[in-house]
Every structure is written in structure tokens, then in C-alpha cells.
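Asks: structure of the sequence below:
(one chain, ligands or ions: 1)
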Amino acid sequence: MAIAIKIQDIRKTYRDARLKRSEVLKGISFEVEEGEAFGFIGPNGAGKSSTIKILVGVSRPTSGEAEIFGRPIAEHASRIGMGYVPESPYLNDYLTPYEVLSAGIALHKLKVPDVRRYCLEWLERFRIAHVADKKIRSFSKGMVQRTALAHALAVKPRLLILDEPLSGLDPIGRRETVDILHEYHSQGGTLFFSSHVLHDVERLAQRFGFIHKGLIKTVQTPAELLNKHGNYSVFFCCTGQIGIEGAVRLDSSNWCVEVSTAALWDTLQRLRECGAELREVRPMISLEKAFLEFIGEDIKTVAV
Ligand SMILES: Nc1ncnc2c1ncn2[C@@H]1O[C@H](COP(=O)(O)OP(=O)(O)OP(=O)(O)O)[C@@H](O)[C@H]1O
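Replies: Below is the predicted model:
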């Protein structure tokens, strides 16, 4: 499998108005394989956008190396076949969504039999086909975001880099966008995205990279996360009392108990001995819990 993104010891130092230097990326390294869906997570100011801007060529690293599909990011050709939506997309607001999408198709030299129809199909997927010919100037933040996402996907990128793709979208828009990104990924696309919406990251990403204060804390798969942090919710049915510590009665006969991976087998044995009827065992991967543990802070003090 080819390596889609390779980042090696990247550092980034900004200077403020008084020329005071602050290092916001402190030597980060990780890789994303072709065909992967990789979620990049971290609290506000952790360095997610700074990393993404370096990858897409908007900003230069102070030191370190990065490659896209084996080409150094300094080469313009590394960005051929890449789709990118920044955190707050800026689209020329005197254009219409149709003009934005058709310009992208022309720029990427994409061969489609009927450009108008193809663009309208993408705009329809993001539920903005009814404003295809309206100027973006009059659009809400969510509609601009939908236009930018439709544009990025319509050009059939090999690699899609999205900075907070779900911000500004309502809950239905978020769900639909997650579905579209799922489809893109299941058709072989490589997805690298940052997000604050941990639930959506859990649904989309095959691996997570946690960044905090300019350092990569860990890169994990959901399975690794589950092994380390996982609990299970065990749902069962029992009409009488049950002597299992922590079991919560949901209604007259249904119960639930949360157990650790280590205690799961014993709990199932005990339920059988008590004559309880097992209904469901559901893993509880708490990305938020793991996230907070990795950055070593209290849940009340961190905005994620
Ligand atoms: N152009 C810049 N000049 C100076 N400092 C900057 C610049 N861009 C970002 N920073 C600083 O770098 C740090 C990391 O910012 P960055 O936008 O990469 O974080 P982030 O993880 O994307 O945060 P958020 O989740 O809030 O978008 C922050 O302290 C930010 O203030």
C-alpha cells in the first residue's frame, strides 16, 4: 500500500506582531496510508490547522520534511489529485455554486459527459441544487461549507484533506456529510480530516492522531483504543432482583451494567447462572475519555 501522507519531524514557528517567536509544531511525525480514513484530533490551538496548511502548501514548515504520495510538498505536483477544504472556506462570492464546481472540473481536466448535470448531482447530494445559480454572497456559513465540500468531492480527488469539515453544518447536514465521506472512502479515496466532533470522528476514522500543544500524543486504531480504554455495556432481561454490582434497572425487566474488558467474561457467566436472558453486549469506545487521558487534563477544563 502506498503512503499518501508522510510527515517527518515537522516544526513550525510563528512570530507575533512584536516578533516574539512561538513554536506551535514541535517536531511531529506520522504517516497515512493510501485508502485510509485518518482523523486528526486535538483541542483548540493544538496545531491541527497549522499541520494541514503545511500539507496543502498554504504555509511552509520551519523545518522537517513532508511528502504526498512520495513527492515532497514543496513540489507543486504533489498536490495534483488532492482536494482540500479549509476550516473557513473562502469562495469568490460573486460566483454561483454551479460556476465553482464547473471551474473545478475544468481545472482538474475531469472528463464528464454532461458537466451541468454532473455538478447539479453533486449539489443535490449536499442539498443546495436549488441555489445552484445564486451568488454565494447571499449564502449562510453552512451553505458555503456545503458548496466547498461538493466542489472538493466533485473533482474526484485521490486524497481529500478537510479541516473541520462538519463545522457550520446542522445535525442532518453533519450526518449526510459523514455518509458522503464514508462513500468516498469506501470507493478507495484517502481521507485526512480534523474535527472537534468526536462522535463523527469515531464513525469516520480508521485511525486517530491526537495532537496536543504541537506534539503528537498518539496514533491509534479504534481497536487499540478499545483494548486500552474500552468498557462494555451489557444489556439483559431479568424479572427478579439480580446480584450484579452496578447493574441498573431500565424498566420492569430490562437491565444494563457497564463492565471492563477484563470483567466481561465473568459477568456473562454470572448472568447465565442467575438465569438472566442476555440481550446485547455493546462496546463503549469513548474517544472523549481516551482523548482527555492522553492530554492528561480534567474533562471540565478542556473544550473539545
Ligand atoms: N499565522 C499565525 N501567526 C501566529 N500564530 C498563529 C498563526 N496561525 C496559528 N497560530 C497559532 O498557532 C497555534 C496553533 O493554531 P492552529 O490553528 O494550528 O490550531 P488548531 O489545532 O487548528 O486549533 P482550532 O481547533 O482552534 O482550529 C495557536 O496558538 C495559534 O494561535
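
Asks: the helices in the chain, which residues?
Replies: 48-55, 97-107, 115-125, 141-154, 171-186, 198-204, 222-229, 261-273, 287-295 (DSSP state H).

Asks: adding distance to the ligand and mean pLDDT, write those out as CSV.
Replies: For glycine as for every other residue, the C-beta is placed from the backbone atoms N, C-alpha and C. As requested, the helices of the chain are exported to CSV (distance: least, Cβ to the nearest ligand atom, whole Å; pLDDT from 0 to 100):
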stretch, distance to the ligand, mean pLDDT
helix 48-55, 3, 96
helix 97-107, 24, 95
helix 115-125, 26, 97
helix 141-154, 15, 95
helix 171-186, 17, 91
helix 198-204, 13, 76
helix 222-229, 20, 66
helix 261-273, 31, 89
helix 287-295, 12, 70
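
Asks: adding mean neighbour count, write those out as a markdown table.
Replies: Shown next, in a markdown table, are the helices of the chain (neighbours: other Cβ atoms under 10 Å):
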| stretch | mean neighbour count |
| --- | --- |
| helix 48-55 | 22 |
| helix 97-107 | 18 |
| helix 115-125 | 17 |
| helix 141-154 | 23 |
| helix 171-186 | 16 |
| helix 198-204 | 18 |
| helix 222-229 | 16 |
| helix 261-273 | 14 |
| helix 287-295 | 19 |
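
Asks: got these as CSV, with distance to residue 70 columns?
Replies: Listed next are the helices of the chain as CSV, based on distance: least, Cβ to Cβ, whole Å:
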stretch, distance to residue 70
helix 48-55, 14
helix 97-107, 23
helix 115-125, 29
helix 141-154, 22
helix 171-186, 21
helix 198-204, 25
helix 222-229, 27
helix 261-273, 39
helix 287-295, 30
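
Asks: tell me the domain boundaries of this structure?
Replies: Split into domains by automatic domain parsing, the chain comes to 3-221, 231-284.

Asks: output the set of residues of the stretch 1-150 of the chain in proximity to the ligand.
Replies: Contact residues (Cβ under 6 Å from any ligand atom) of the stretch 1-150 of the chain with the ligand: 14, 16, 24, 42, 44-50, 87.

Asks: thinking again about what came up before, need the winner for burial among the domains of the chain.
Replies: Highest mean neighbour count among these (mean count of other Cβ atoms under 10 Å): domain 3-221, with a mean of 18.

Asks: I figured residue 59 was touching residue 50, is that so?
Replies: Yes - if you go by Cβ atoms under 8 Å, residue 59 and residue 50 touch, sitting 7.0 Å apart.
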